[in-house]
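# Structural data only, the sequence is not supplied:
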């Protein structure tokens with residue numbers, strides 16, 4: 001049994017048309033943020049006893065070369081917390097899997113940093129990239145991986161870049177960021193389509 005974890009219902013919707021749910025794989029929405037993500041993941045793993053956990057959704061890009069819509073499968077995970085150790089992906093994709101996931105490329109090496117609060121600006125993203133030598137940012141992946149390791153379950157992260165290293169997320173603290181608010185819904189829908197295709201291909205290859 002494979003357990004797919006997402007933070008948001010928006011991200012979970014990308015998986016709802018993938019066949020086999022309830023028989024060979026299950027879906028759980030943990031909510032946003034590391035504390036809730038870890039707590040809900042622990043409960044769902046105790047309930048379902050999965051053979052593999054997939055942490056899925058969208059993320060922010062920290063490397064200028066990663067465009068919106070890039071599919072990523074990080075091999076290292078860090079938290080923006082000096083007391084938390086570096087974690088590594090405990091499930092290794094076969095070459096066939098990587099090539100079959102989506103038409104085009106998938107990044108299967110690189111570090112994901114998980115933060116408590118979203119990285120809203122290019123400046124904040126640059127700080128995280130430098131501090132952690134990270135390529136992507138989110139809020140939940142480290143917590144999911146930590147919970148999976150504690151349960152002795154292999155873990156892999158499958159995310160799609162929503163906002164690039166040079167883009168700000170809309171927030172009221174910076175009126176200039178609101179000018180790009182029109183762009184985010186379009187990118188989010190495109191990212192969800194890519195995630196749905198990648199998730200379907202991934203599960204078909206491994207179930």
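Great, that's in hand. These numbers come from a predicted model, not from an experiment.

# What's the first helix or strand after the lowest-mean-pLDDT helix or strand in the chain?
Ranked by mean pLDDT, DSSP states H and E, the weakest helix or strand in the chain is helix 95-101, scoring a mean of 50. The helix or strand immediately downstream of helix 95-101 is strand 106-107, counting by DSSP states H and E.

# can you map out the strands along this structure?
Secondary structure of the chain, counting by DSSP state E: strands at 2-6, 25-29, 52-61, 71-72, 76-79, 87-88, 106-107, 111-114, 136-138, 155-163.

# Mind telling me which of those strands the model trusts least?
Per-stretch mean pLDDT for the strands of the chain is lowest at strand 106-107 (a mean of 87).

# residues in contact with that one?
The contact list for strand 106-107, computed with Cβ atoms under 8 Å, 6 or more residues apart in numbering, reads 66, 70, 71, 72, 73, 98, 135, 198. C-betas here are computed from N, CA, C, even on glycine.

# Generate a markdown table for the residues you listed, with neighbour count and distance to residue 166 as supplementary columns.
Listed next are the contacts of strand 106-107 as a markdown table, based on neighbours: other Cβ atoms under 10 Å; distance: Cβ to Cβ, whole Å:
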| residue | neighbour count | distance to residue 166 |
| --- | --- | --- |
| 66 | 19 | 10 |
| 70 | 24 | 14 |
| 71 | 24 | 19 |
| 72 | 21 | 17 |
| 73 | 23 | 23 |
| 98 | 17 | 26 |
| 135 | 24 | 14 |
| 198 | 22 | 24 |
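
# Most widely separated two among the residues you listed?
Greatest spatial distance in these: 135 and 198, 17.4 Å, computed using Cβ to Cβ.

# TSV for the strands of the chain, including distance to residue 40?
Below are the strands of the chain laid out as TSV (distance: least, Cβ to Cβ, whole Å):
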stretch	distance to residue 40
strand 2-6	8
strand 25-29	7
strand 52-61	12
strand 71-72	23
strand 76-79	17
strand 87-88	18
strand 106-107	27
strand 111-114	15
strand 136-138	16
strand 155-163	15
